[in-house]
Every structure is written in C-alpha cells, then in structure tokens.
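Colleague: Just the structure for this:
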Amino acid sequence: MRATIYKITNPQGDFYIGSTTNNFRARIAEHKYNLKRNRKGLLYESFKNFGFENHIFETIITANKLNALNVEHFIRSEEHSLNSSH
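Modeller: Next up, the predicted model:
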C-alpha cells in the first residue's frame, strides 16, 4: 500500500505535516469538507483565520506505507527539535 506525506502551510509560515493512504487531492477535499462541517481539528483555526484557499498544499513524498510513515515521524521530530531550540 502506498502513502503520501504532505505539508500544509499557512500564510504565516506555520505548517502541518500529515499522511494519507488515499489520493492526495481527496485528502485535501476531506480537509475542506471538515471545515465546512465545522469539524474542529488541528487545522481548523488556521483555515478559519486565513481562509482555506490561502494555504499551500504540497506533497513531500509518496512511498510504501511503512517508509512514508517513517519519513513523517522523522520530519515531525526534526521540526519539534528546531522549535525546541528557540
């Protein structure tokens, strides 16, 4: 099974790293649907504050599920390390 690691960045440069085994465009549509239904998640406030269309959606990597999840965990740990050093 394939998985995609993706990044969503808001206009202030804050970002979210996520993964999906679905089609990437379908996952973006799911985020938008959740916003319209007022389903609060990690991205809800950012979408409400800046507008869904003002976020940048990009694929980082598509790989087999295990490798993609390892990459996702690595990226998140590196991002946490960078933020902890400030």
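Colleague: Pro11: neighbour count?
Modeller: The local packing of Pro11 (other CB atoms under 10 Å) involves 12 other residues. Glycine gets a C-beta too; all of them are placed from N, C-alpha and C.
Colleague: so how far is Ala29 from it?
Modeller: Distance check for Pro11 against Ala29: by CB to CB, to the nearest Å, it reads 21 Å.
Colleague: The helix ranked longest in the chain packs against which elements?
Modeller: Longest helix in the chain, counting residues (DSSP state H): helix 65-84. Contacts defined by 3 or more CB pairs under 8 Å, 6 or more residues apart in numbering; DSSP states H and E place helix 65-84 against strand 2-9, strand 15-20, strand 56-64.
Colleague: Restrict it to CA atoms and write it as PDB.
Modeller: The C-alpha coordinates for helix 65-84 follow below in PDB (Å, rounded to 0.1, in the frame of the first residue of the first chain):
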ATOM      1  CA  LYS A  65       3.200   3.000   3.700                       C
ATOM      2  CA  LEU A  66       5.900   1.900   6.200                       C
ATOM      3  CA  ASN A  67       8.600   4.100   4.600                       C
ATOM      4  CA  ALA A  68       6.300   7.000   4.300                       C
ATOM      5  CA  LEU A  69       5.300   6.800   8.000                       C
ATOM      6  CA  ASN A  70       8.900   6.600   9.000                       C
ATOM      7  CA  VAL A  71       9.600   9.800   6.900                       C
ATOM      8  CA  GLU A  72       6.600  11.500   8.500                       C
ATOM      9  CA  HIS A  73       7.800  10.700  12.000                       C
ATOM     10  CA  PHE A  74      11.400  11.900  11.200                       C
ATOM     11  CA  ILE A  75      10.100  15.200   9.800                       C
ATOM     12  CA  ARG A  76       7.900  15.800  12.800                       C
ATOM     13  CA  SER A  77      10.800  15.000  15.200                       C
ATOM     14  CA  GLU A  78      13.100  17.300  13.300                       C
ATOM     15  CA  GLU A  79      10.500  20.100  13.300                       C
ATOM     16  CA  HIS A  80      10.000  19.600  17.000                       C
ATOM     17  CA  SER A  81      13.800  19.800  17.600                       C
ATOM     18  CA  LEU A  82      14.100  23.000  15.700                       C
ATOM     19  CA  ASN A  83      11.200  24.600  17.600                       C
ATOM     20  CA  SER A  84      12.600  23.400  20.900                       C
END
